[in-house]
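Chemist: okay, sequence plus prediction incoming.
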Amino acid sequence: MEDVQAPVTSPIDSDGNRSEATLLDLCEKVLSLEKSICDEALKLFTETKRILSPNIGCRTGESFWFASILYSVKMLSLRKQDSVSGDNGFNLCQILRALKLNIVDFFRELPQFIVKAGPVLSEIYGADWESRLQAKELQADVVHLSLLSSFYKRGYREFFLTYDANAEKTSANSASYLPDSYRFGWLLFLALRNHAFSRFKDLVTCTNGLVSILAILIIHVPCRFRNFNIQDSSRFVKKHDKDVDLIASLCKIYDASEDELRATMDKVNNLIETILKKKPSSASACETDKLHNIDPDGLTYFEDLLDETSISTSLITLEKYYTDAVCSKGDLDERVFINEEDSLLGSGSLSAGAVNITGVKRKIDFLSSPARTFISPLSPHKSPAAKKNCIGGANRSATPVSTAMTTAKWLRTVICPLPPKPSLGLEHFLKSCDRDITSDVTRRAHVILESIFPNSSLGGLCAGGSLQPVKLMDDVWAKERRSEAIKLYYRVLEAMCRAEAQILHATNLNSLLTNERFNRCMLACSAELVLATHKSITMLFPAVLERTGITAFDLCKVIESFIRFEDSLPRELRRHLNSLEERLLESMVWEKGSSMYNFLIVAKPSLALEINQLRLLAEPMPSLDAIAAHINFSEGLNHASSIQMHETCAGQNGDIRSPKRQCTDYNSILVERNSFTSPVKDRLLAFGNVKSKMAPPPLQSAFASPTRPNPGGGGETCAESGINIFFTKINKLAAVRINGMVERLQLPQQIRESVYRLFQHVLAQRTSLLFNRHIDQIILCCFYGVAKISQMSLTFREIIYNYRKQPHFKPLVFQSVYVDSLYCRRQGRVGPDYVDIITFYNDIFIPAAKPLLNEIVTVRNEKAVEANNKPEGHCPGLPKVSVFPSVPDMSPKKVSAVHNVYVSPLRASKMDALISHSSKSSYACVGESTRPYQSPSKDLSAINNRLNNSSNSNRKRTLNFDVVAGLISDSMVGNSLSLQNQNQNGSHAPSSGGTPLKTEPLHS
């Protein structure tokens, strides 16, 4: 088989002298940094030059290299020394401006620098460099700020005019009042966020902060700038049928909590008093038209806070406060997010395409509300009056912020009222075990959740992890999150016990309820849902794994059950768990330290030697007492628990280190899957209907010892049955992704089956190819291997080009493929290391998979011979049997390759009426039928006639359903629209007969 040659690019500067001089000039003359900082940047440059210089093929690549170096130096050295202030302080925005880069592009390139320069950073800054770098947290912060600024802009426009309706009657100074008041609100929010929310900048808390800012603006901005009528009862809640209860009204509009909003407003009032030196007064004691028809109870008013004569002074004070207190010491200048013309924001997407950030026009606004595309934050409406009806109206479009607030409302109204202890039903199961284990279950829950949500007095130790310092959260916030998580844990645990008892026909679930790993997985899942609800950036996944001592493979076993047994779980949290399971299956379960290897070594003993050589086995799970001791839990040292060391092994010394995981997945943050995916079809990983009549296998066997015989029979061990189920999920996930690539590449079904069969063989017979790797890397190699043996003109470049359009695309998949130390020694390097996917394909994949490819050819030839020798009795109309599994239909379905015409599945509410009698039609076309149970062809004819008879000649067109296209997802629809816009701007996709890959870099 012919090898593919990797792209070869010469470095910018072979000896590095010119690049070093450029970096030094940037540090000294442009950023005016201290000599010690310049020296440290040059040292990091020198150490990474050997690794990164061959990959830097242009001036822009050099700029990203410099930006990554300076960001690393700032975060890893200056934070530790905390000695930079005044003119010598610098932040990420200053670095990017100096290098003419933008935020989005920087975070796209930073992961590759982290992966390749990781060993150097570890050697210079210590083993904890990754947690101190906080790259994932800062990227999540950027996504949050983009969403919050968009939310604030919409909220401001709903309550205030974008121009002065009486401008001709007022002075020229009033022309700048609205932009100033808009900026005043954002700066006040930033002061609140960095002062009062410094320890827990989650999206829900920050949204409450912005809602409180809107409340402050409503009672202080002059009435003539309002865009609403305060007496409109349809939008505002009235207290005792008299005056408007402002707080209750805002909570109704934005799904906020009244108690939380009032507490946040108190913090805002304190900041106004402290920073702006304004004297607070009770609103009930103030006589001003701004408070007319507003109930003053509990409100605070500041005289002259936002009057036209004083707003400029207040704005200058807030600007100075932010510059002195935050900007010079912070990581990011957050003021750029309300200046949409600022090129620093860039264009593109973060979070794997789920959250988009653009400079002049934000895609998140466009997708959420196509009619509202503003050129500037305060540009006039075409119809200001029409906008008044949208405050709290039914037509409000869903946004990531509104979705987060709705999900938080579920947690507040459904989970919070539950008791913080096991219910009577759960207590019955706990007492029905071999002994009463209620105290053990409650103690475990408190210890584990204390580890996940620590108090500031606990010293910030990361129990279950590597005992690295963590950013401490506010005690009150941590206590509330622990309370929510424990209530959710008890609720779902009871539902699982009921289902398990029904399967086993017994109430004694001792082996399950006393299983330490199962309970920790349940607690981790509950805590992760609480964190996902609040959209916390303080602790991003997989932090819950590290703090509970479990691995990705452990958590995989409970996710589907968690979704199954919590019926009230909101759609967004179901999506989060599904996306989480996909992340676990695609790469995290294959990382070093995964407990999957402990099962695999029993199920497939032939892999034991390689697993041991690579040191892939998981470390023993830490005991509960060890975790309690490390978080200084009050009962941790003296409580003689019966659940002490649940996984004993020879030589275990009781340390609580958890398996190390490289944080390379910087693109999957907050909302990993596309926000517009169908909630029904999004369950790609729930391999079975939630309402399936088939009973699931007992959970007890999933968490039993790998060497234990499977209670279900069959003569296999729990490891063998567990690995079989795991491989089934991996194959299903691969099938979905292969199907998406086949449709995008427009390949025949025969190629789809061959690629899938090759992946199956690799997984079953060459399992080690997936060790420490991503399944997409194997899938891409399978595509190219099958294309070569099929003599197709499909290049690796085309495969990667189309892979980049997939919703699960990650650049590191083809930029950085893991290779072990043995390979590196053969290449004369000290390993392990990372190579591009072409090098991996040539040097590792093909030597291992070539026999499997030859087997695919043999099977295909045999099928061709069999097809030519059909028996006479064979019916030609019978469909061919396909080895490719059925995958969920993606909605909407494209029904024409020529036109952008899509059809969604029939709504469930209409299905029963259609299938109740066999004589009725089982099909529906393009929405509602024109007549009940009418033939689909007549429906299509009716639609065509309507279009053809339209008086508007521009709309005369006939739908063409002659060409049958594949099924595509919502995210693909969005990507295709984006690609069309790019093509109109001069961007062209490579043709099928493009230039050979060896002459072009992968990232081009």
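Modeler: Great, that's in hand.
Chemist: so what does the helix or strand hosting Lys732 touch, helix or strand wise?
Modeler: Following DSSP states H and E, one finds Lys732 within helix 718-745. Using 3 or more C-beta pairs under 8 Å, 6 or more residues apart in numbering; DSSP states H and E, the elements in contact with helix 718-745 are helix 552-565, helix 571-586, helix 596-603, helix 699-702, helix 749-765, helix 775-789, helix 796-803. From N, CA and C alone the C-beta is placed, and that goes for glycine too.
Chemist: Leu616 is in contact with Phe771, correct?
Modeler: Yes - between Phe771 and Leu616 there is a contact under C-beta atoms under 8 Å: 6.4 Å.
Chemist: compare neighbour counts for the two and give me the winner.
Modeler: Leu616 (23 against 19; other C-beta atoms under 10 Å).
Chemist: next secondary structure after the helix or strand encompassing Ser526?
Modeler: Counting by DSSP H and E, the element that carries Ser526 is helix 516-534. Going down the chain from helix 516-534, the next helix or strand is helix 543-548, by DSSP H and E.
Chemist: mind saving the C-alpha coords of that following helix as PDB?
Modeler: The C-alpha trace of helix 543-548 is given here as PDB (Å, rounded to 0.1, in the frame of the first residue of the first chain):
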ATOM      1  CA  ALA A 543     -12.700  17.900  37.900                       C
ATOM      2  CA  VAL A 544     -15.500  15.800  39.500                       C
ATOM      3  CA  LEU A 545     -13.700  12.700  38.500                       C
ATOM      4  CA  GLU A 546     -10.400  13.800  40.100                       C
ATOM      5  CA  ARG A 547     -12.100  14.900  43.300                       C
ATOM      6  CA  THR A 548     -14.100  11.700  43.800                       C
END
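Chemist: by contact count, what packs against it?
Modeler: helix 438-452, helix 516-534.
Chemist: looking at those, which is closest to Glu319?
Modeler: Among the helices and strands packed on helix 543-548, helix 516-534 comes nearest to Glu319, with 29.9 Å by C-beta to C-beta.
Chemist: just the buried residues of that closest one, please?
Modeler: Across helix 516-534, burial judged by 16 or more other C-beta atoms under 10 Å covers 516-534.
Chemist: can you check stretch 724-734 too?
Modeler: 725-727, 729-734.
Chemist: just the helices in the stretch 51-200 of the chain please.
Modeler: If DSSP state H, counting those that start in this stretch is used as the criterion, the helices of the stretch 51-200 of the chain fall at 59-73, 79-81, 92-99, 103-125, 129-133, 135-159, 177-195.
Chemist: correction: the stretch 301-450 of the chain
Modeler: Here the stretch 301-450 of the chain has its helices, by DSSP H, counting those that start in this stretch, at 311-322, 363-368, 384-387, 400-410, 424-431, 438-452.
Chemist: and the fifth one, what does it pack against?
Modeler: In terms of contact count using 3+ C-beta pairs under 8 Å, 6+ apart, helix 424-431 is assigned the packing partners helix 438-452, helix 475-504.
Chemist: equivalent analysis for the last one, please.
Modeler: For helix 438-452, the helices and strands in contact under the criterion 3+ C-beta pairs under 8 Å, 6+ apart are helix 424-431, helix 475-504, helix 516-534, helix 543-548, helix 624-630.
Chemist: which one of those helices has the lowest average pLDDT?
Modeler: Set side by side, those differ in mean pLDDT, and helix 624-630 is lowest with a mean of 86.
Chemist: Leu318: which of the helices and strands packed on helix 438-452 is closest?
Modeler: Ranking the helices and strands packed on helix 438-452 by distance to Leu318, with C-beta to C-beta as the measure, places helix 475-504 first at 25.3 Å.
Chemist: could you point out which element follows that closest one?
Modeler: That would be, after helix 475-504 and using DSSP H and E, helix 510-513.
Chemist: buried residues in that following helix?
Modeler: For helix 510-513, by 16+ other C-beta under 10 Å, it's 510-513.
Chemist: report pLDDT for Pro706.
Modeler: 83.
Chemist: next, it: secondary structure please.
Modeler: With DSSP: H, G, I helix; E, B strand; the rest coil as the basis, Pro706 sits in coil.
Chemist: grab the nearest non-local neighbour of it.
Modeler: Distances taken as C-beta to C-beta, 6 or more residues apart in numbering put Ala719 closest to Pro706, at 3.6 Å, once the chain neighbours are dropped.
Chemist: mind listing what the one you found touches?
Modeler: 598-600, 602-603, 706-707 (C-beta atoms under 8 Å, 6 or more residues apart in numbering).
Chemist: and the furthest pair within those?
Modeler: Checking those with C-beta to C-beta, the most distant pair is Leu600 and Thr707, at 12.7 Å.
Chemist: coming back round to it: between the buried residues of helix 510-513, which is nearest Glu319?
Modeler: Nearest to Glu319 among these is Leu513, at 58.0 Å by C-beta to C-beta.
Chemist: pretty sure Ile550 contacts Asn519?
Modeler: No - using C-beta under 8 Å, Ile550 makes no contact with Asn519, being 10.0 Å away.
Chemist: between the buried residues of stretch 724-734, which is nearest Asn91?
Modeler: Nearest to Asn91 among the buried residues of stretch 724-734, with distances taken as C-beta to C-beta, is Leu733, at 40.0 Å.
Chemist: distance check, that closest one against Arg575.
Modeler: Leu733 sits 16 Å away from Arg575, going by C-beta to C-beta, to the nearest Å.
Chemist: ok, back up a step: most surrounded residue in the contacts of Ala719?
Modeler: If you count neighbours using other C-beta under 10 Å, the busiest of these is Leu600, which has 27 neighbours.
Chemist: measure that residue to Leu607 for me?
Modeler: In this view, Leu600 and Leu607 are 6 Å apart by C-beta to C-beta.
Chemist: any idea how far Ile486 lies from Glu427?
Modeler: 15 Å.
Chemist: more neighbours, these two?
Modeler: Neighbour count, other C-beta under 10 Å: between Ile486 and Glu427, Ile486 has more, with 24 against 16.
Chemist: contacting residues for the more buried one?
Modeler: Ile486 sits next to 420, 445-446, 449, 526 when contact means C-beta under 8 Å, 6+ apart.
Chemist: by neighbours, which of those wins?
Modeler: Comparing those by number of neighbours (other C-beta under 10 Å), Ser526 comes first, having 28 neighbours.
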